[in-house]
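S.K.: structural data only, the sequence is not supplied:
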DNA sequence: TTGAAAGCGCTAACAC
DNA sequence: GTGTTAGCGCTTTCAA
């Protein structure tokens, strides 16, 4: 027999339930539920009485209990490599806002690109029965994909919907990804249009898909424009950070011959490159034109500011959630959608002064 | 009568339960539960059998159901003003990591400092029965505190533990806050030690507690050191952003007499100030010494880099979670703990060149 | 050691 | 319109 959980006075820390409300209002729990959800018409007199009690006790329905019966949690999990990083935090902010509008709350979890953490985080999300998880950064970006990770994704996908901020790793898991090829094409053609023929590129993480796509496209566009590709000017540095950018410049300037325009893998690397150039007493765009990728706000705070290839985080977030929440049959072909890119000019590129 | 929820073959999308495991292993659900939680000794033979099934089905216990019976969700809510902002995203990253270590998952929600969103967000967290919520930014920082908001906090506090990244707003709600007075004292004394007597300060948001504490301390320390306070050099600008910093410099340079050292409310404002100075063809620290607050990474990417007063985000996060998860009796006196500050030198301050 | 059964707070199917 | 009742998946007495 079901009896009111809090009989008589409230038990400490125990929250009010629909049974409490029902009893005090002299109606059944079902009626309270109907009022709460607008599931069916209820006599306005009773509705009034219940509403007053809801006010009085500042009643909040228990989302867990609700999720248990309705079989949906209204929760979305977002697992990123480093939420402290401005790329991920901007993307998350956009996703959170998208999710909120659709009535979902968002859990954000960091993996620091550690496979063990990726595994346990995904496991936690399964336990929480999130309705979908969005994965950005970490193993998902590796090329080729790690087999263990792929297995993990496969088994997680059986339990919860998944979408990734990368190319689709598996049938049934849609991917949304920046159009890296288009971004590189845009960058190179822009510099070429300014008159540059000698273009250098400082890049990182050859094990990541984005890097590979950009590098490939770099060669393609250079060739398409009949510009010479100098392997020495393609400089691979260890990390996605400022120090690596500076290191890239160091190595570049030691070469006998230099390019007239420079591309940096992302804004952080480009900041390092800029600092490196300035430390050598060189000027931008006087001595070198400089162009970054991602168009984060840092491109606007260096001196000089630098131009950067960017894309719309809100569009990205929106597609990511559509993909995560949408109905993607498990059998669907791997499907990757691309985010379009744009060029934000800030005056760090000009026609080459030297040959 | 209780019967296995998935009788026979798995129903689509329906997940495996302890009943399924129990039935297939030929034990009772209670036994499975005991194995899962190590609540009681179970014959290793049965344990083996169950474990194998857990593997086989990649079983994940339903955290919602568990939360419902155990009456704790292992969830923490973090509500911030703008998670895209590097101050909040760094703080969140630190909190998430702290929470994860303690076995909690974290929900991050943005309020954009909108009272309506603050209210609905807190409401949502109550429904989710998070075990604690941490509030940073928005109304919680206003001085004086809005009465409606205070009421809201009071009623939320009755349902879930609360901690705020500001001063304690109410008995029973602990506050953890940067030691703004100490930070300003450190800043002014540092400049004074370099020989500066004329110090200007560009600040924002006089309706916020941090601003007020800094401004008050600015006057105090200046007085303590017998330095002249010039009201004209205390420049109030509208926003916490780059444009405001530049505006501050504009207004300052129009004055007949100028200070030799400049303080910026936070790093973003300071970036704007730096850009403003450079735009006027002035140099740092040649013409003006410049010092910021928060020591975010932006202080290291401008040219020149600038020194800034900072504090340890991890210590901050750790105290915040201690406070949120700790046992704070509702009757406890308002209690605010302060985060110590440090000075990070990056060469943007030197002895004054002029009088 | 183990199982049966009650209950966590809510929704929904099924009467009336 | 409204109440009764049976779960949702788990933990936890209480007995055995």
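M.R.: Received it, and whenever you're ready, just let me know what you need. Predicted model only: the values in this text are computed from it and were never measured.

S.K.: and for residue A:226, the neighbour number?
M.R.: As a burial measure, residue A:226 scores 8 neighbours (other C-beta atoms under 10 Å in any protein chain shown). For every residue, glycine as well, the C-beta is placed using N, CA and C.

S.K.: which stretch of helix or strand covers it?
M.R.: In the assignment (DSSP states H and E), residue A:226 maps to no helix and no strand.

S.K.: tell me the contacts of the residue lying closest to residue A:219 once chain neighbours are set aside?
M.R.: Nearest residue to residue A:219, sequence neighbours excluded (C-beta to C-beta, 6 or more residues apart in numbering or on different chains): residue A:229, at 5.9 Å. Residues near residue A:229 by C-beta atoms under 8 Å, 6 or more residues apart in numbering or on different chains: A:218-219, A:222-223.

S.K.: need the three-state assignment for residue A:308.
M.R.: strand (DSSP: H, G, I helix; E, B strand; the rest coil).

S.K.: residues touching it, list them.
M.R.: A:267, A:270, A:291-296, A:299, A:343-344, A:346.

S.K.: mind checking which of these are in helices?
M.R.: Counting by DSSP state H, the contacts of residue A:308 place A:267, A:270 in helices.

S.K.: DNA strand C versus the most centrally placed residue in chain A, what's the distance?
M.R.: Nearest to the geometric centre of chain A sits residue A:91, at 4.4 Å (C-alpha atoms, centre = their mean). Relative to DNA strand C, residue A:91 is positioned 32 Å away (C-beta to the nearest atom of the strand, to the nearest Å).

S.K.: any idea which element that residue lies in?
M.R.: Using DSSP H and E, residue A:91 sits in helix A:86-101.

S.K.: the very next helix or strand once past that helix vs strand B:105-110, what angle?
M.R.: Note on helix A:86-101: by DSSP H and E, the next helix or strand toward the C-terminus is strand A:105-110. Interaxial angle, strand A:105-110 versus strand B:105-110 (axes from the mean of the first three to the mean of the last three C-alpha atoms, to 10 degrees): 120 degrees.

S.K.: neighbours around residue A:145, how many?
M.R.: Look at residue A:145: counted by other C-beta under 10 Å, it has 17 neighbours.

S.K.: just to check, it is in contact with residue A:166?
M.R.: No: taking contacts as C-beta atoms under 8 Å, residue A:145 lies outside contact range of residue A:166: 9.2 Å.

S.K.: state the pLDDT value of residue A:86.
M.R.: For residue A:86, the model assigns a pLDDT of 83.

S.K.: can you read off the pLDDT for the closest residue to it other than its chain neighbours?
M.R.: With sequence-adjacent residues excluded and distances taken as C-beta to C-beta, 6+ apart, residue A:86 is closest to residue A:296, at 5.1 Å. For residue A:296, the model assigns a pLDDT of 90.

S.K.: same check, this time on residue A:270
M.R.: Among the per-residue scores, residue A:270 shows a pLDDT of 98.

S.K.: where's it relative to residue A:188, distance?
M.R.: Using C-beta to C-beta, to the nearest Å, residue A:270 is found at 15 Å from residue A:188.

S.K.: residue A:37 too?
M.R.: Applying C-beta to C-beta to residue A:37 and residue A:188 gives a distance of 56 Å.

S.K.: higher neighbour count, those two?
M.R.: residue A:188 (25 against 11).

S.K.: tell me the buried residues in the helix or strand that the more buried one is a member of?
M.R.: Following DSSP H and E, the helix or strand that holds residue A:188 is helix A:180-193. Buried residues in helix A:180-193, counted by 16 or more other C-beta atoms under 10 Å in any protein chain shown: A:180-188, A:190-192.

S.K.: repeat for stretch A:246-265
M.R.: Quick answer for stretch A:246-265 (16+ other C-beta under 10 Å): A:246-249, A:252, A:258-265.

S.K.: how about stretch A:231-242?
M.R.: Neighbour counts over stretch A:231-242 (16+ other C-beta under 10 Å) mark A:233-237, A:240-242 as buried.

S.K.: which other residues reach that stretch?
M.R.: Residues outside stretch A:231-242 that contact it (C-beta under 8 Å, 6+ apart) are A:198-206, A:215, A:218, A:244-245, A:247-248, A:251-252, A:255, A:259, A:265-266, A:268-269, A:271-272, A:275, B:300-301.

S.K.: avg pLDDT for it?
M.R.: Over the span of stretch A:231-242, the pLDDT mean works out to 95.

S.K.: ditto for stretch A:33-43
M.R.: 94.

S.K.: list the buried residues in it.
M.R.: The neighbour-count check on stretch A:33-43 (16+ other C-beta under 10 Å) flags A:33-36, A:42 as buried.

S.K.: filter those down to the ones close to DNA strand C.
M.R.: A:33, A:36 (C-beta under 7 Å from any atom of the strand).
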